[in-house]
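> What would the 3D arrangement of this be:
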Amino acid sequence: MSMSLLVEVTNAAAPLDVTIVKEGAVLGGSPTVAVRDGATTNSYLDWSDLNFKTSGWTLKYAGLVEVERGHYQRLLDLSSIPGIAAGDALIAEFAIADGGHTWTDHDVLLLTNTGGNTDLLRKMITNRFEETPGNPGTITLFDDDSMTPLLSWQIRDAAGGGVVSNVGAPARRTKAT
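This next block holds a predicted model:
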């Protein structure tokens, strides 16, 4: 049964799991997994050097380790694979041979980077934030040290003109405590 999994791209170990059962009895055997770049039909991970290739693999089909009772797993270290990024899709293609029959299955791993997004959101809510007058004016969000500018935006008034400072109007926010 195929699945789609949302996987954090910074994970050091994404589990590739397969369970093998035949008519209520666990099959014996040695399942393997090949990992394909989901944007292609022929670019597979070489487990020996963790690069995607279209030919010349040293180890294209890697064995899985039995966890117990027909459950098998291999960990995929995403942080060691060059060039992969959030938004990429990887296809884990599983196979097991038993008595002349071969069973196959696959999982789709959709890579995401939620950690960076939530960290930026936290900084938007809690960090130092300052408005500077000018034409255009700017708003600057500072990093956690309250000194390093992280992001800045140009701002204008409603008519598209410059922004001026007004005594008593909020223009600076300190870091939350």
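> what does stretch 35-47 rub up against?
For stretch 35-47, the external contacting residues (CB atoms under 8 Å, 6 or more residues apart in numbering) are 16, 34, 51-54, 56-60, 62, 76, 81, 88-93, 108. Any C-beta I mention is one placed from the backbone N, CA and C, and that applies to glycine too.
> make it 10 Å
14, 16, 33-34, 50-63, 74, 76, 81, 83-84, 88-93, 106-111 (CB atoms under 10 Å, 6 or more residues apart in numbering).
> Any quick ChimeraX command for the buried ones out of those residues?
To isolate in ChimeraX the members of those that are buried, counting by 16 or more other CB atoms under 10 Å, one can use:
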select :14,16,33,34,52,57,60,62,74,76,81,84,88,90,91,92,93,107,109,111
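> Got the phi and psi for residue 79?
Residue 79 adopts backbone torsions of phi -70, psi -20, taken as degrees, to the nearest 10.
> what sits against it?
Contacts for residue 79 (CB under 10 Å, 6+ apart) come out as 9, 10, 11, 12, 13, 14.
> got a pLDDT number for it?
Among the per-residue scores, residue 79 holds a pLDDT of 86.
> now, among the contacts of residue 79, which is nearest to residue 171?
Using CB to CB, the shortest approach to residue 171 within the contacts of residue 79 belongs to residue 10, at 36.3 Å.
> Show me which strand runs longest in the protein.
strand 101-112 (DSSP state E).
> I'd like the distance from the next helix or strand after it to the chain centre, please.
Moving toward the C-terminus from strand 101-112, the first helix or strand encountered (DSSP states H and E) is helix 114-126. Computed by CA atoms, centre = their mean, to the nearest Å, the chain-centroid distance of helix 114-126 equals 16 Å.
> Going by neighbour count, list what's buried in helix 114-126.
Buried residues in helix 114-126, counted by 16+ other CB under 10 Å: residue 123.
> mean confidence score for that helix?
On average, helix 114-126 scores 82.
> next one: stretch 145-159
Computed over stretch 145-159, the average pLDDT equals 94.
> ends of it, how far apart?
Terminal residues of stretch 145-159 are spaced 35 Å apart (CA to CA, to the nearest Å).
> Over to stretch 42-52?
Distance between the two ends of stretch 42-52: 9 Å, counting by CA to CA.
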